[in-house]
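Q: Got a predicted structure here, sequence first:
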Amino acid sequence: MRLEYLTGNHAIAEAAIIAGLKFYAGYPITPSTEIFEYLASKLPTKGGVVLQFEDEIASINAVIGASWAGAKAMTATSGPGFSLMVEALSLAIMTETPLVLAYVMRAGPSTGIATKAGQYDVMQVRWAAHGNYELVVYAPWSVQECLDLTIKAFNVSEMLRVPVILLSDATLAHIWERVVIREPPEVSIVNRKKPKVPRDKYKPYEPEEDLVPPMACFGEGYRVLVESLTHDERGYYKATNEVQRRLVWRLVNKVLKNKHLISDSATYLVDDADYVLIAYGSTARSAYALIRELRSKGIKVGLYRPKLLWPLDEEMLINSTIKAKKVFVVENNVGVYVREISRVLRNKEVISIPIIDIEVPTPDEIFEVMKEWI
């Protein structure tokens with residue numbers, strides 16, 4: 001264990017190395033570029049490879065290829081770059097390719113304000129790619145969590161054979177905080193399952209009980225098919241209802257069935273709270289400051305902070321707000337994740353607090369909206 005002062009971007013890069021990253025492909029884009037720069041300096045000394053490609057499309061496709069060559073692989077980007085990556089993201093979902101994508105949000109739409117923060121892309125990361133699927137998306141609120149959740153992102157990606165997105169923002173990317181860094185064996189590192197059957201019996205997409213197929217990579221002696229078309233367990237294209245239904249439901253359920261292994265959230269003072277704030281990412285820092293201030297004045301307010309944005313831990317959300325009279329969802333956008341909260345908490349009064357701020361919304365700004373309700 002060691003202590004260091006790092007930015008959020010540096011913590012993501014450091015965590016990726018700890019998790020076993022061997023290949024990074026990217027294209028510079030503010031405010032994620034420091035991840036690229038840090039890895040370009042450090043990863044080659046650990047036996048890894050860092051390459052700059054001509055654009056984000058080439059970058060994520062190279063990451064997919066590297067993963068199938070047996071390497072833990074990742075890329076990083078921001079809004080416009082992610083828009084270019086979503087077709088390949090759908091490819092990674094269909095081919096069950098483990099990879100990590102660090103997405104550092106900035107103010108948009110379009111090129112917006114590249115150096116300023118926002119939480120506009122919460123729905124984009126979940127729904128941008130085509131087809132039906134489940135995706136895993138984590139949202140840190142501190143530099144420490146940038147490190148911890150990046151390691152978890154790699155572990156989940158390898159365990160479930162899914163792309164995992166770490167959704168940071170420009171504020172977290174550039175603030176400096178003290179970080180506790182643990183490396184194996186202090187921290188657990190997961191590697192993808194390998195086939196146990198003879199090579200002539202191996203089917204690339206035949207799942208085990210957890211719905212995740214063992215993954216043979218190129219060069220390991222197995223017959224490997226990386227098939228983007230609807231395919232059966234052998235990886236052969238088969239355009240039937242039976243095969244399409246079986247494949248799509250498995251892609252969805254291998255995440256949902258294992259939600260207990262990937263869920264992550266934090267609660268503060270919710271046990272007796274009359275009012276619960278829900279916030280994520282850097283905005284949750286201000287929400288936390290506000291509940292502490294209101295508690296000092298005798299107002300029973302708590303905070304529920306999802307670290308896993310997708311898929312939402314519905315059971316934890318319900319249990320954390322069960323006693324609340326009102327629920328407030330604080331976001332640095334026009335109010336988007338509140339729709340998901342309202343869907344789950346159908347019997348609660350759910351109030352949106354949408355604050356567009358190119359920095360982080362302040363506790364006073366949050367309370368200005370909240371006070372008329374309490």
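A: On my side now, so go ahead.
Q: and the residue lying closest to Gly20 once chain neighbours are set aside, how many neighbours does it have?
A: Distance criterion Cβ to Cβ, 6 or more residues apart in numbering; nearest residue to Gly20, sequence neighbours excluded, is Lys72 at 4.7 Å. All C-beta atoms are positioned from the backbone trio N, CA, C, and that covers glycine. Taking other Cβ atoms under 10 Å as the criterion, the count of residues near Lys72 is 24.
Q: residues touching Lys72, list them.
A: Counting by Cβ atoms under 8 Å, 6 or more residues apart in numbering, Lys72 touches 19-23, 98, 100, 154, 158.
Q: I'd like those written out as a markdown table, with neighbour count and pLDDT added.
A: Shown next, in a markdown table, are these (neighbours: other Cβ atoms under 10 Å; pLDDT from 0 to 100):
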| residue | neighbour count | pLDDT |
| --- | --- | --- |
| Ala19 | 24 | 98 |
| Gly20 | 18 | 98 |
| Leu21 | 24 | 98 |
| Lys22 | 19 | 98 |
| Phe23 | 22 | 98 |
| Pro98 | 28 | 98 |
| Val100 | 31 | 98 |
| Phe154 | 27 | 98 |
| Glu158 | 24 | 98 |
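Q: what sits against the residue lying closest to Tyr304 once chain neighbours are set aside?
A: Distance criterion Cβ to Cβ, 6+ apart; nearest residue to Tyr304, sequence neighbours excluded, is Ser320 at 4.3 Å. Going by Cβ under 8 Å, 6+ apart, Ser320 touches 265, 267, 270, 276, 302, 304.
Q: and the one helix or strand the fourth one maps to, how far from the chain's centre?
A: Taking DSSP states H and E as the definition, one finds Val276 inside strand 275-278. Its chain's C-alpha centre lies 23 Å from the corresponding centre of strand 275-278 when counted by Cα atoms, centre = their mean, to the nearest Å.
Q: ditto for stretch 366-374
A: Stretch 366-374 sits 30 Å away from the centroid of its parent chain (Cα atoms, centre = their mean).
Q: Kindly check the end-to-end length of it for me.
A: End-to-end distance for stretch 366-374: 13 Å, by Cα to Cα, to the nearest Å.
Q: Any idea what the residue most central in space within the chain is bridged to?
A: Nearest residue to the geometric centre of the chain (Cα atoms, centre = their mean): Val137, 2.5 Å. With DSSP bridges as the criterion, Val137 is bridged to Ile165, Trp310.
Q: Quick check: it touching Leu167?
A: Yes. The pair Val137 and Leu167 passes the contact test of Cβ atoms under 8 Å, sitting 5.5 Å apart.
Q: Quick check: neighbours shared by those two?
A: Both Val137 and Leu167 are contacted by 125, 309, under the criterion Cβ under 8 Å, 6+ apart.
Q: Mind splitting the chain into its structural domains?
A: Domain ranges of the chain: 1-262, 268-373, per automatic domain parsing.
Q: hmm, back to that, who does the residue nearest to Gly20 bridge with?
A: Going by DSSP bridges, Lys72 forms beta bridges with Leu21.
Q: what about it, distance to Asn253?
A: Distance, Lys72 to Asn253, using Cβ to Cβ, to the nearest Å: 25 Å.
Q: what's the answer for Pro213, then?
A: 13 Å.
Q: Can you pick out the residue with more neighbours from the two?
A: Pro213 (22 against 13).
Q: ok, back up a step: check the gap between the residue nearest to Tyr304 and Lys259 for me.
A: The value you get for Ser320 to Lys259, if Cβ to Cβ is used, is 16 Å.
Q: Then Ser157?
A: Distance from Ser157 to Lys259, by Cβ to Cβ: 15 Å.
Q: And Val100, by the same measure?
A: Taking Cβ to Cβ as the measure, Val100 falls 19 Å from Lys259.
Q: could you point out which element follows the helix or strand in which Ser90 is found?
A: According to DSSP H and E, Ser90 maps onto helix 79-95. Next in sequence after helix 79-95, counting helices and strands by DSSP H and E, comes strand 99-105.
Q: Among the contacts of Ser320, which one lies nearest to Val197?
A: Distance to Val197 across these (Cβ to Cβ) is lowest for Ser265, with 37.8 Å.
Q: residue contacts, the closest one?
A: 304-308, 313, 316-317, 320.
Q: Three-state assignment for the residue of the chain positioned farthest from its centre, please.
A: Residue farthest from the centre of the chain, counting by Cα atoms, centre = their mean, is Asp200 at 36.4 Å. Assigned with DSSP: H, G, I helix; E, B strand; the rest coil, Asp200 falls in the helix class.
Q: quick one: which of the contacts of Lys72 is nearest to Pro204?
A: For the contacts of Lys72, the residue nearest Pro204 by Cβ to Cβ is Pro98; the value is 14.0 Å.
Q: tell me the pLDDT at the residue nearest to Gly20?
A: Confidence at Lys72, expressed as pLDDT, is 98.
Q: same thing with the one 5 residues further on?
A: Reading off the confidence values, Thr77 has pLDDT 98.
Q: Check Trp373 too.
A: Reported pLDDT for Trp373: 89.
Q: hey, where'd the strands end up in this structure?
A: For the chain, strands defined by DSSP state E occupy the ranges 2-7, 21-26, 49-52, 72-77, 99-105, 136-138, 163-169, 176-181, 265-268, 275-278, 301-306, 308-310, 326-331, 349-354.
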